[in-house]
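In: Below is the structure, and that's it, no one-letter string:
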């Protein structure tokens, strides 16, 4: 009986929503970053064996980064009834819904669109973090996700409201 009750609970528990990476966007981001680095080195060192070696190394790092991202499915965002976790290429960051104050919104960090949000004052005090500003928000989520920043912000807002009620 207890086993059957456990399986019924598991069936009724909401499943996490996973926003996977976009491989084409990730590849474009890596190529732009690598191209900028190689172009800058070309300007500093000029053409020659040093530049060719560094360009080859940067190309290798791009391929390695892409392989790591594909195998580990990073970056990705996992949204649960308790909160969300952003899995970066290296590392992760989790937030509970009660640690977030207000709505998620689309912000610009340079030329990149990201999702900004504010942390609850109590969370900042417990964590000992200072208030930072990403376009007026305390924290941001950016990456080569399979959803545009606007849709990711809407998804996070919907789940936050569903879990905690309207803010």
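Out: It's in. Keep in mind that what you see is a predicted model, and the values were worked out from it rather than measured.
In: Pull out the buried positions in stretch 36-45.
Out: Residues 37, 38 are the ones in stretch 36-45 that count as buried (16 or more other Cβ atoms under 10 Å). Where C-beta positions appear, they are placed from N, C-alpha and C, glycine not excepted.
In: ok, the longest strand belonging to the chain: who's next to it in the sheet?
Out: As assigned by DSSP state E, the longest strand anywhere in the chain is strand 100-109. Within its sheet, strand 100-109 is paired with strand 112-119 (antiparallel), according to DSSP bridges.
In: Please report how far residue 117 lies from residue 84.
Out: 10 Å (Cβ to Cβ, to the nearest Å).
In: joint contacts of these two?
Out: Residues touching both residue 117 and residue 84 by Cβ atoms under 8 Å, 6 or more residues apart in numbering: residue 156.
In: Strands along the protein, start to end?
Out: 17-19, 76-79, 83-87, 92-96, 100-109, 112-119, 139-141.
In: okay if I get those as TSV plus mean neighbour count and mean pLDDT?
Out: TSV is the format used below for those (neighbours: other Cβ atoms under 10 Å; pLDDT from 0 to 100):
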stretch	mean neighbour count	mean pLDDT
strand 17-19	16	96
strand 76-79	20	98
strand 83-87	20	97
strand 92-96	14	95
strand 100-109	17	94
strand 112-119	21	94
strand 139-141	20	93
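In: and stretch 65-74, which residues are buried?
Out: Buried residues in stretch 65-74 (16+ other Cβ under 10 Å): 65, 66, 69, 74.
In: what about it, distance to the chain center?
Out: From the chain centre to the centre of stretch 65-74 is a distance of 14 Å (Cα atoms, centre = their mean, to the nearest Å).
In: Need the contact partners of it.
Out: By Cβ under 8 Å, 6+ apart, the residues outside stretch 65-74 that reach it are 20, 21, 23, 26, 27, 30, 75, 87, 88, 89, 144.
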